Structures are given as C-alpha cells and as structure tokens.
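# could you work out the structure for the sequence below:
(2 chains)
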Amino acid sequence: MNAPATLTTPDMNEQAQQCLQKLMRVWFDFERQVGRVPIIQRLERGTFTQDDYQRLLCHLRQQVIEGGRWISRSASSFERDYLDVRSLVIGHAKDEHQDYQMLEQDYLRAGGSEDTIQTQVANLGTEALHSFLMHRASLPNPIDMIGAMWMIEGLGQKMAGSWADRIDEAVPTTPPCTQFMRYHAENDEQHMNKLYAMLDRVCRTDADGLRIVKTARVVGRLYALQLEEVDHDDTL
Amino acid sequence: MSVYINSTGHYLPGSAIDNDSIERILGKVHGKPSRLKNRILKSNGIRTRHYAMDAEHKTLESNAQMAAKAANACVDAIGLRRQRLGLLSAATSQGDLVLPGFGSMVQAELGLSDVELHTSHGICSSSMMALKHAYLSVKAGEHEAALVVASELSSRLFKASRYEAAGDQPDFNAEFLRWMLSDGAGALLLENTPGKRSLRIDWIQGYSHADAYPVCMTVGQPRTENQDLSWQDYPTYADAEAAGALLIRQDVRLLENVVKLGVDGFLRVMDKHRLTPDSIDHVLCHYSSDHFRSKIFDLLNAAGMMVPEERWYTNLYDRGNTGCASLFIMLDEFLNTQTYNEGDTLLCMVPESGRFNNVYMQLTVVNA
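From the prediction side, this is the model:
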C-alpha cells in the first residue's frame, strides 16, 4: 500500500472492486491509527532508541510466530468448493511460517539477549489479535481472512518501505538488524496481484464484501492495540 | 441559500522564468550551481514560473500588492460595485509582515471600506479555508458578496544569501522547495445570486490529519534533531537563521502520505456525496509536482474510482506551484481557456503536505 508505481487497474468483479476500495480506506485509516501510537511516533520523529527496537521486536515475535498458524488454519477450513483458494492459502502459509527466525536474528543483532526474546509472552493486543484470527480462521470457508491478509501484507510493505530505513538510522549495526522488515519488500507487486485475484475469486456478494472489510478493520484495530501495548507491558 | 463564484481573477508577476533562468534570479549558494536542481525539476515537471523579485533580490511587488492586483482583476472582470463586498477573506503562507494578519494589508491595498475581515493561516490549503469561511458567511446570509484572495511571495525565502546564512550547502529537504515554489495570486468573488457565468459551490469539505503524522513542511524549525525548538526560542534571529530555522523545508520521506491521504479524502467525499467517476466532468487538483500525478492515478485506478485522465486540468507546468494561490489561478485559467457546459461538475482538491490537511470542493456550472 505504499503505492507501488506499477499498480494497475485490477480486473475484478464489481463487488470485489467495491470491497477493494473499502479495504484501501480501511488501510489509510489504519495508517493514521498507527501514526498515533507512541512508539511509532518516536520512530517517525527521530527519537526512537535501541531499547525501543528491542522491545518492538520482542512484542512482534509472538504475533509473527502465530501468523503461520492462522494462515494454515484458514487453509484447512476451506471446503471442497474452495479447493483453489485452499491451495493459494497453503502457498502463503509456506512463504511466511519461518519469518520469526529472521526477526530473532535481528533482535540479537540489535543487542538483545536470547533469553529475553524466548521468554517474552504475548501482549494484550497480540492475545486479542491471535484469538480473533484463530476464531475466524476456524469457521467454514473463512473468505474474510483475505481482509486479514490485506492488512498484514500492507504492514509488511510499510515496515520495508517506511520503518526499516529509520530503524537503520536509529540502531546502526553491521550487518543491519532490519532483515525481517526488509524481507517483505520483495515481491510486493506479485503479492498484491495474488491478493487482487483472490479477492475477485471469493468476494461475490455485498455480504462477502462487508465481512471481509469488517475483519480487516478488526485486525487493524487489534494490531494497533498490539503496538500500543509495547509501551504498556507490565507483565503482571 | 446557494452560493456562487461569479468571477475569478489572477495575477502573476513579471515575465515567465524558464528552468535555465531560475538560478540567475534566486542566486547560486556559495557561488556554486545546485547539484539537485535538475533532478528536482525533472520530478516536478514545472517548465516556467513567475517571481516578484529580481536578480538583485529586490522585491518588485509585495505579497499584498499582488493579492490586490488579483482581487481587482476579479472584481473588474464583471464590473462589481465594491460597496457590495461585505467580507474580505484572505490567505497566504507568509505575509509581508509577521503581524498584522495578511487580510488587513490586502484590504488597505485595495482601499475597501468597512468590510468584515478574515485571514486564514496555513500553507496550500489556507486558500480553501479562507474560501470555506466566505462560502459559509454568504450561505448563512451574513453577506451578499465576499471576496476571497490567496497570494504567495515565496521567492524571498529562496535567496542564495538565506542558505549561505544557514551554513554549508543546503541539504535535500531544505533545497527541495526552492525548485518548486514560485509567486502569484488568485481571487474569487462569491455572491448569493448567480451572475452571467457562475459556478455554484455545492460543498467544501476538509480532512486534517495533524494528529497522526509528523510535520512535513515547515518554516521555523531548525535542522537539528531537536524539532521541538522554534525559531522564536533563539536568543537572536541571527542565531535562528544560523541554525537553519528560517529555511523552508520539506521532509521528503513523509511526502508519500500526501498521495495516500489525498486519495483517501477523495474516496471519502465520493462516498459521502454518492459520486461516481462518471458524474465528474472536470478535476482540478493542486498536486505540487508531476511526480505525484501518476501515483494518485494508480491508487484511484486500484480503487475503481479513476476519473478519466483527459478530465484532469492543471496549469502547474506553466504557471508554477504558487502554494495557496494555485487552485484559484488554476480555476481562473480553466474558466477562460477550457471548454465546459452548463451543468458540468468540477471537483477541486488541495492536498497540503504541511501537516496533512486536505480540502475538496464541488462546483457546478450554472451559467456557461
């Protein structure tokens, strides 16, 4: 969603097109929500510290590890009428399921200790986000998971396109400690085209569109909560 | 009650300055030609612009004088009796004086008696805020006629000596706008009844996002990490200038947000007013640079809300980016040079990168 210059008119049915327009607005709204979160404000205003980055990665790790699970669960919830979608989602799960290893390596490069990241528990936002995603993914034919993928995909692009450079400036290490964030910049266009095709496939009615958009909004709200909780972590 | 734009006018100082002549007027910083100029000009696509300042850096006309010339052109175009004007609403990014408000200086220049006065403060969108104030005042029946004027004299910020006073060669963020902004003024006359050639103002809607984004375009902030410092916090103005706090800067890393927020607002007003791309006959968009045009189109295409490219009008490339005056100058030239018919709908949009305030307006041609 960082407006790749090559983005062209997606060829899709009317409901999917309307849904995509709403998903874009959900994304723009989400970017504003994220822009109000203190740790991201520090990042964008040049006051982000090494300690901030370590905590951010520690907190993201739980969600990234669980990311593989909700995508796999979604795949298994697609019934025979959605065999093609199931295949696509399995492919997606395979792409993403070892992201967390890169993240852990970045954390160590940023000066964090292995013990800390291994024992970090999910924060409140991560709990809520993961529970919601697993719940939706467990329902039969969870087409609204494409709304979740839209948000997570957008986040990957945002991390690579906007956050990674700022983190490299704030936490300069050799080699750089931003490989997890940068990894998502690759194949942007290909991922977006896959998402458009999947949206065209699964969004056929107004009700489909509403459900997809709602899931995207919930994911955005809970992701922002997860980021807010990075500063609130009080491990009671 | 409906409100109509019954006349428009603009003023551009001096002759058109081409790309090769810019540095002759603004000057070479420390005597060296800019290494960034061509790259920035290529990106913004501007070919000619106007400056109210000569190569000796003498100001040839003040900002208020340019505003008055545009206002007079607007009023004289339909021979309006000045006594009818109940309100003068003015906008600029930087007046000739820090105080009083720009409107006072323009009123004096125009010799308008007994008007109610409004000055709006901001950057590109300040003209739209001034216009909205006038629109609502006429709509509420407070005034029968209101004059809205927007004017910019930004070239004074771009003198080579200003950059030299701030130290070494300017960084990219400090130099970016030097090759983009230029001078000019535009004016609109609003009345509560239509005239011979009128545009009805259907609505004006703004969305500001300063709470969610850092500041992106500034005058008054030093180049150091401590962005909480203001130019007024220094012991002397000379100290502030030496710290680079009086340079106009653009945080180019944040600029991409203008496109996204501009499109977001576009989709919001389309939805709110139940508009489709087919229902819009002309789009007048103040994009500051050609670079953003294709990015806006990409996102509108993805959203399935692209208004066909041939309906987009701009005079950015020949008249320059005149900040808050741009849209008024564009509208005036559109009305005088383009083809349009009664009932045509114009969608105007002014996305501002200062701290992300975007304003949209719909006009309908009622008498062509």
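# got a list of what A:Arg211 touches?
Each residue near A:Arg211 by CB atoms under 8 Å, 6 or more residues apart in numbering or on different chains is listed here: A:143-144, A:147. Every C-beta, even on glycine, is put in place using the N, C-alpha and C of the backbone.
# helix, strand, or coil at the closest residue to B:Lys272 other than its chain neighbours?
Nearest non-adjacent residue to B:Lys272, counting by CB to CB, 6 or more residues apart in numbering or on different chains: B:Gln205, 7.4 Å away. Classification of B:Gln205 using DSSP: H, G, I helix; E, B strand; the rest coil returns strand.
# which strand residues bridge B:Gln205?
Beta-bridge pairing for B:Gln205 (DSSP bridges): B:Tyr360.
# picking up where we left off before, adding pLDDT, write the contacts of A:Arg211 out as CSV.
Formatted as CSV, these follow (pLDDT from 0 to 100):
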residue, pLDDT
A:Ile143, 97
A:Asp144, 98
A:Gly147, 97
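# ok, and the most crowded of those residues?
A:Gly147 (28 neighbours; other CB atoms under 10 Å in any protein chain shown).
# isn't it up against A:Gly220?
No: look at A:Gly147 against A:Gly220 with CB atoms under 8 Å: they stay out of range, at 9.3 Å.
# now the common contact residues for those two.
Residues within reach of A:Gly147 and of A:Gly220 at once, by CB under 8 Å, 6+ apart, are A:Val26.
# break chain B into its domains for me.
As assigned by automatic domain parsing, chain B contains the domains B:4-191, B:201-207+B:253-367, B:217-250.
# of those, which is nearest A:Thr116?
domain B:217-250 (28.4 Å; CB to CB).
# could you list the buried residues of that closest one?
Buried residues in domain B:217-250, counted by 16 or more other CB atoms under 10 Å in any protein chain shown: B:217-223, B:227, B:229, B:231, B:234, B:240-241, B:243-250.
# out of these, which touch chain A?
Residues shared between these and the neighbourhood of chain A are B:Gln227 [CB under 8 Å from any CB of the partner chain].
# restricted to strands, list the buried residues of domain B:217-250.
If you go by DSSP state E, the buried residues of domain B:217-250 have B:217-219, B:248-250 in strands.
# helix/strand/coil for the residue nearest the centre of chain A?
Centroid-nearest residue in chain A, with CA atoms, centre = their mean: A:Ile152, separated by 2.2 Å. When classified by three-state DSSP, A:Ile152 comes out as helix.
# that one reaches A:Val219, doesn't it?
Yes: contact status for A:Ile152 versus A:Val219: in contact at 7.4 Å, counting by CB under 8 Å.
# in chain A, which spans are helices?
Ranges of helices in chain A, per DSSP state H, are A:14-35, A:38-44, A:50-77, A:83-96, A:99-109, A:114-119, A:124-138, A:145-158, A:164-170, A:179-183, A:188-202, A:206-232.
# nope, the stretch 101-250 of chain B is what I meant
In the stretch 101-250 of chain B, the helices defined using DSSP state H, counting those that start in this stretch lie at B:102-110, B:126-139, B:160-165, B:172-175, B:237-242.
# for B:Ile248, give its distance to B:Ser154.
Taking CB to CB, to the nearest Å as the measure, B:Ile248 falls 7 Å from B:Ser154.
# so where is chain A shaky, pLDDT-wise?
A:1-10, A:96-97, A:185-189, A:233-236 (pLDDT under 70).
# same thing but at 90, please
For chain A, applying pLDDT under 90 flags the ranges A:1-11, A:45-46, A:64-68, A:88, A:90-100, A:153, A:156-162, A:183-195, A:232-236.
# just the stretch 1-150 of chain B next, same as before
In the stretch 1-150 of chain B, no residues with pLDDT under 90.
# and the residue of it nearest chain A?
Across the stretch 1-150 of chain B, no residue is closer to chain A than B:Ser43, which sits at 12.7 Å (CB to the nearest CB).
# and that residue, how many residues sit next to it?
By the criterion of other CB under 10 Å, B:Ser43 has 15 neighbours.
# so it: helix, strand or coil?
helix.
# how far is whichever helix or strand B:Pro351 is part of from where the chain is centred?
In this structure, B:Pro351 sits in strand B:345-352 according to DSSP states H and E. Remark: strand B:345-352 is offset 12 Å from the chain centroid, using CA atoms, centre = their mean, to the nearest Å.
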